[in-house]
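Novice: Curious how this folds, go ahead:
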Amino acid sequence: MFRHIRTKFVIILLITGLLPLLIGTVIYLTTSKRERIEEREHALIQELSHVTFAIETIFLKARTNLLLAAENPAFFRYPTEPKRRDEWGDEQIKTLRQLQLLFPEAISVTAFTDVAGKEITKVVVKQIVKKEQLSSIMEKPFYVPGLSQPPNGVYQGEPYLNPETRHWVIPFIAPVFDRGNIMGLLYFDLNLEYFSQKLKGDLSPDNYAFLLERSGKILAQTIISIGESEGLPNVADLDQSLFFHEILKDVLEGNTGVKMFTTSMGRRYIVTFQSLPSSLWSVMVLTPFAERFKDLIPIDQFFLIFMVTFILIIIFTFIIGKRFSDPVRNVVTGTQIIASGDFTYRIKIILNDELGELARSFNKMAEYLQKTYQDIKSTNAQLTQSAKLAAVGELAAGVAHELNQPLMVIRGHAQELLDGNSIPEAVRKDIKLIEKQTGRMMRIIDHLRAFARQSSGTFEQVNLNSVLNDSFTLVTQQLKNHNIEIVKEFDETIPKIWGDHNRLEQVFLNLITNARDAMEEKGEGILTVQTRSVFNSKEEGKEALSGIRVILSDTGTGIEDNIMDKIFDPFFTTKEVGKGTGLGLSIGYSIIKEHGGTINVESRVGTGTRFTLEFPAERRKIPREKNKRSEKTLSREGE
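Specialist: Next up, the predicted model:
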């Protein structure tokens, strides 16, 4: 409707009278109050989130450090090593004091008990309790639940009044295990008054906060101190209005929300509440309504709004022409900017007529050009990196040839010295070591030169065990340097296959280096390589050889499920810039396909990855012809 510019121009001139003033006034009256209330509610919800986060941080810090302390040998070896109990006792006191330093103003009691609940070591307010003053915690309510915790479990007990410090506290208990057997309990008390201080630190001055149990007991608050009373106050005692009790019901059920209520004394409040995920507690924050939301719509503002709107009506007609000419000018400007090479420019769409449609078409064109340009840049960068790696490979082959000559000289002189009889035995051992290591270096250099030599493409009979051993020649020391254990499980009876030794070595070397990079992040790992024959069952019960299977499995970080289908795509890589080109698996896929083989991938994140390669046992002296993409034999398995 009204898609033509001329029609719109006439209609806009007709509605530039009093209608905007009337509409603006109505909208202001009906929405301004609610908007300001919503702004305050949003701010109060954010404040509640900050308070909740602060409490959750305390719980996480307490549990984490208690579990770390429970792993100290001073606790789980104390019962089994009587001769070192004095030494372990000193270490226990040191650890208990370190726990108190986590919350110096909150933790007053830390202790270690045996399985029967008898206290072995105890620190109260940084003071070591004498042995004759130690007691038993068997009668305390947290003793039995603490014993029932599994390894790495922490029990958070119910609040109680500590008779030693006369403060309301929350006990945190962790069992101490040794080889699956529980050896004792490690616990400390966290003062509830500390939570009140944390609530105040993350709260606005005029707001009030409460930390509640699901039973309604107030654990901490910012109004009054909990003190040393025999019982905790209940939130139900705060107000007796019916609507407040409806809100309280949601709070104690662990719900989350924001509501407004009026107390029995006529005071209005906004209350937000949220449960703590790590415990059966809730946080409630209240703010006075009258102090923050009175006079939401001052009358003296209406006159100012009226005058501003009236002036806008006068000048509105003069800007209409400019408004409808700007889109055309924006298209021209955008075309010039795109032509200069900046594909990020977009036109702001403000109309739904022909000019708006033109702007949308321009933006679509710019997005397509930008995407195409980025793809070209990315592909060019990857091709450049591949060219650099190829140049480095050629240079490495040349350097290997140059290094081989001086090594031969060194080895020759070492052998001449060994042939003589005038060399002391101690020196002879060193010369033998020089002769042995130079020989090893020459073999590595010869293999590097052979690997770098361009393949002829002609298939010959190759033994996959030999290919795998040659693949490890260049990377064995690297794997050892990264604490990676190599496990070879080769079937020496497997037959030879027809293939290109050099290109197959390229496939295996790429899979080995990928496994190394995956296990490098863990700092250690196991690389297992297996070869075996594959047989097909026949009707008469006989088995016929169908192929050779090679399995390479690692204990690395694994492959994410969402990228499993992309790992064989050209230029796809998850490695950082300069460390990978994204061509290794893609090229390996093509080489395996030319050999008539298949490759399967199984991976689990955090556990490792396994590649299974199968090659046909049939004899073929020339590479297979490349089939169409839809006919490829390569299979990919995500899990």
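Novice: Could you find the closest non-adjacent residue to residue 461?
Specialist: In this structure, residue 461 finds its nearest non-sequential neighbour in residue 496, 4.3 Å apart by C-beta to C-beta, 6 or more residues apart in numbering. For every residue, glycine as well, the C-beta is placed using N, CA and C.
Novice: Count the neighbours of the one you found for me.
Specialist: 15 (other C-beta atoms under 10 Å).
Novice: any idea of the pLDDT on it?
Specialist: Residue 496 carries a pLDDT value of 88.
Novice: list the contacts for it?
Specialist: 461-463 (C-beta atoms under 8 Å, 6 or more residues apart in numbering).
Novice: Doesn't residue 38 lie inside a helix?
Specialist: Yes - applying DSSP: H, G, I helix; E, B strand; the rest coil, one finds residue 38 inside a helix.
Novice: before we move on, the earlier item: could the contacts of residue 496 go into CSV alongside neighbour count?
Specialist: Converted to CSV, those look like this (neighbours: other C-beta atoms under 10 Å):
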residue, neighbour count
461, 12
462, 19
463, 17
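Novice: Give the helix, strand or coil label for residue 115.
Specialist: Following three-state DSSP, residue 115 is assigned to coil.
Novice: For residue 186, give me phi and psi.
Specialist: Residue 186 adopts backbone torsions of phi -120, psi 130, taken as degrees, to the nearest 10.
Novice: Now do the contacts for it.
Specialist: 66, 69-70, 75, 111-112, 173-176.
Novice: next one: residue 607
Specialist: 555, 558.
Novice: Please report the distance of it from residue 551.
Specialist: Distance check for residue 607 against residue 551: by C-beta to C-beta, to the nearest Å, it reads 16 Å.
Novice: With residue 280 instead?
Specialist: Distance of residue 280 to residue 551, computed by C-beta to C-beta: 50 Å.
Novice: likewise residue 515?
Specialist: In terms of C-beta to C-beta, residue 515 sits 12 Å off from residue 551.
Novice: Neighbour count: those two, which is higher?
Specialist: Using other C-beta under 10 Å as the criterion, residue 515 and residue 551 rank with residue 515 on top: 27 against 16.
Novice: Ramachandran coordinates for that one?
Specialist: Main-chain torsions, residue 515, degrees, to the nearest 10: phi -60, psi -40.
Novice: Just the pLDDT at it, thanks.
Specialist: Predicted confidence (pLDDT) for residue 515: 87.
Novice: Hmm, it is touching residue 603, no?
Specialist: No - using C-beta atoms under 8 Å, residue 515 makes no contact with residue 603, being 11.3 Å away.
Novice: which neighbours do those two share?
Specialist: Common contact partners of residue 515 and residue 603 (C-beta under 8 Å, 6+ apart): residue 609.
Novice: just to revisit the earlier point, just to be sure, which of the contacts of residue 186 are found in helices?
Specialist: Taking DSSP state H as the definition of helices, those contribute 66, 69-70, 75.
Novice: and the residue nearest to residue 247 when sequence neighbours are not counted, how many neighbours?
Specialist: Distances taken as C-beta to C-beta, 6+ apart place residue 259 nearest to residue 247, at 5.3 Å, with adjacent residues excluded. By the criterion of other C-beta under 10 Å, residue 259 has 16 neighbours.
Novice: And for residue 424, the neighbour number?
Specialist: So residue 424, with other C-beta under 10 Å, has 8 neighbours.
Novice: List the residues that contact residue 274.
Specialist: Going by C-beta under 8 Å, 6+ apart, residue 274 touches 48-49, 52, 256, 282-283.
Novice: Closest to residue 370 out of those residues?
Specialist: Checking the contacts of residue 274 against residue 370 with C-beta to C-beta, the nearest one is residue 49 at 37.9 Å.
Novice: so who does the closest one touch?
Specialist: Counting by C-beta under 8 Å, 6+ apart, residue 49 touches residue 274.
Novice: again, 7 Å this time
Specialist: Not one residue lies near residue 49 by C-beta atoms under 7 Å, 6 or more residues apart in numbering.
Novice: That one: which element?
Specialist: Residue 49 belongs to helix 19-70 when assigned by DSSP states H and E.
Novice: could you give me the average pLDDT of that helix?
Specialist: On average, helix 19-70 scores 80.
Novice: If residue 258 is in a bridge, with which residues?
Specialist: residue 272 (DSSP bridges).
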